[in-house]
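Participant: got a sequence here, can you model it:
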Amino acid sequence: MQKLQVDDLTGVSETLLVPLHYRVEESRAGSSSYKDDMAERFHDAIAYDWEKFHDSALQQPAIAARTAILDDQVKAFVAANPDALIVNLGAGLDTRFHRLDNGKIEWIELDLPAVIAFRQKLGEPTNPRHILLAASVFDKDRWIPRVKKHSRSRVLFVAEGLFPYFTEEQHKEIFGRLADNFPGQEMLFQTSAPSAIRGLLQHSVLAKLRTNVDLQWGLEESTDVSSLNSKIQLISDFPLLTEYEKLPPQVRQRLSPDQMRKAGKIVHVRFT
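Facilitator: Predicted coordinates:
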């Protein structure tokens with residue numbers, strides 16, 4: 001079978017290949033807490049120079065931790081709300097629905113049209129409760145009404161690798177729209193402290209992509225989330241890398257323990 005070329009994935013869209021690769025590495029390692037057959041299937045169907053992602057001292061453990069944290073938190077939300085709607089913002093090739101589906105939830109994967117078109121070519125099994133929605137997260141008139149149409153009593157938004165590529169003003173725009181349109185609902189998202197971003201980029205595989213992308217902005221402290229919108233309440237946060245002494249020396253030379261704590265984290269909020 002001919003493999004799928006990635007020519008249409010440019011700019012930030014190409015970054016979706018990074019977490020896919022490291023999730024597959026974890027899945028195939030045999031020691032991971034999860035087995036991701038769908039991710040492995042996607043990976044095998046794509047023609048790409050995966051070797052460039054090998055030997056990442058920082059990115060692979062961070063993505064493994066990010067996957068585990070989000071799996072646990074989404075699973076807990078679904079257990080408490082078995083008929084919930086999950087909205088995955090900037091979904092890329094995320095396969096969490098296939099790992100966590102309880103047979104009742106609805107799940108919307110939102111991403112740019114080129115990304116959704118690419119994903120549809122991979123032959124993913126269809127499910128009426130699993131919806132691929134092609135739209136920019138900034139195109140509120142295209143996706144917010146659609147989400148409201150499917151909205152249930154409980155909605156959880158997930159933004160796994162999306163927001164680090166946004167500016168502060170773009171953060172405020174998106175958070176404001178979510179707070180205004182989905183009061184009482186919750187979101188899990190990844191963020192990185194601006195003070196650590198430069199150090200992170202020194203060890204990032206982003207420079208190995210075909211097109212230039214850059215980390216833009218994030219929360220210095222999780223408590224700063226209220227500065228984005230007064231209707232946002234912090235519930236909890238989870239640092240991605242907690243064992244500083246196990247990091248390679250070249251990473252510890254650039255990032256202090258405090259910077260590493262803030263460098264990558266998952267933040268859980270509620271729109272009040």
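Participant: hey, let's count contacts and neighbours off CA atoms from now on
Facilitator: Noted.
Participant: show me what contacts the most centrally placed residue in the chain?
Facilitator: In the chain, the centroid-proximal residue (Cα atoms, centre = their mean) is E160; its distance is 1.6 Å. If you count contacts by Cα atoms under 8 Å, 6 or more residues apart in numbering, E160 has them with 66, 88-91, 188-190.
Participant: give me the below-cutoff pLDDT ranges for the stretch 51-200 of the chain.
Facilitator: 55-57, 199-200 (pLDDT under 70).
Participant: in it, what residue spans correspond to helices?
Facilitator: 59-80, 96-100, 113-120, 140-150, 168-181, 194-201 (DSSP state H, counting those that start in this stretch).
Participant: which stretch among the ones you listed comes nearest Q2?
Facilitator: Q2 sits nearest to helix 113-120 of all these, at 14.5 Å, using Cα to Cα.
Participant: kindly export that closest one (C-alpha atoms) in CSV.
Facilitator: This file holds the C-alpha atoms of helix 113-120, laid out as CSV (Å, rounded to 0.1, in the frame of the first residue of the first chain):
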residue,chain,number,x,y,z
PRO,A,113,-9.2,21.9,6.9
ALA,A,114,-5.9,20.7,5.6
VAL,A,115,-5.3,18.6,8.7
ILE,A,116,-8.8,17.1,8.8
ALA,A,117,-8.4,16.3,5.1
PHE,A,118,-5.1,14.6,5.8
ARG,A,119,-6.6,12.6,8.7
GLN,A,120,-9.5,11.4,6.6
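Participant: now do it: everything it contacts.
Facilitator: Here helix 113-120 makes contact (Cα under 8 Å, 6+ apart) with 8-9, 13, 92-93, 110, 132-136.
Participant: for stretch 186-205, same thing?
Facilitator: Residues outside stretch 186-205 that contact it (Cα under 8 Å, 6+ apart): 18, 53, 56-59, 70, 155-164, 215, 217-221, 251, 254-255, 259-260, 262-271.
Participant: and if you look at stretch 61-80?
Facilitator: 19, 22-23, 26, 33, 84, 96, 100, 102, 105, 156, 160, 188, 238, 240-241, 264-266.
Participant: mark which of those residues are buried, thanks.
Facilitator: Applying 16 or more other Cα atoms under 10 Å to the contacts of stretch 61-80, the neighbour count classes 19, 22-23, 26, 84, 96, 105, 156, 160, 188, 238, 240-241, 264-266 as buried.
Participant: restricted to strands, list the residues you listed.
Facilitator: 156, 188, 238, 265-266 (DSSP state E).
Participant: can you put the residues you listed in JSON lines and add distance to L209?
Facilitator: Conversion of these to JSON lines gives the following (distance: Cα to Cα, whole Å):
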{"residue": "L156", "distance to L209": "31"}
{"residue": "L188", "distance to L209": "27"}
{"residue": "F238", "distance to L209": "28"}
{"residue": "K265", "distance to L209": "23"}
{"residue": "I266", "distance to L209": "24"}
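Participant: what's the ChimeraX line that selects buried ones from the contacts of helix 113-120?
Facilitator: Buried members of these, defined by 16+ other Cα under 10 Å, are picked up in ChimeraX with:
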select :9,13,92,93,110,132,133,134,135
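Participant: for the contacts of helix 113-120, which one is nearest G176?
Facilitator: S136 (15.9 Å).
Participant: so what's that closest one closest to, chain neighbours aside?
Facilitator: Take S136 and drop its neighbours on the chain: the residue closest to it by Cα to Cα, 6 or more residues apart in numbering is L112, 5.1 Å away.
Participant: and that neighbour, backbone torsions?
Facilitator: phi -60, psi 150 (degrees, to the nearest 10).
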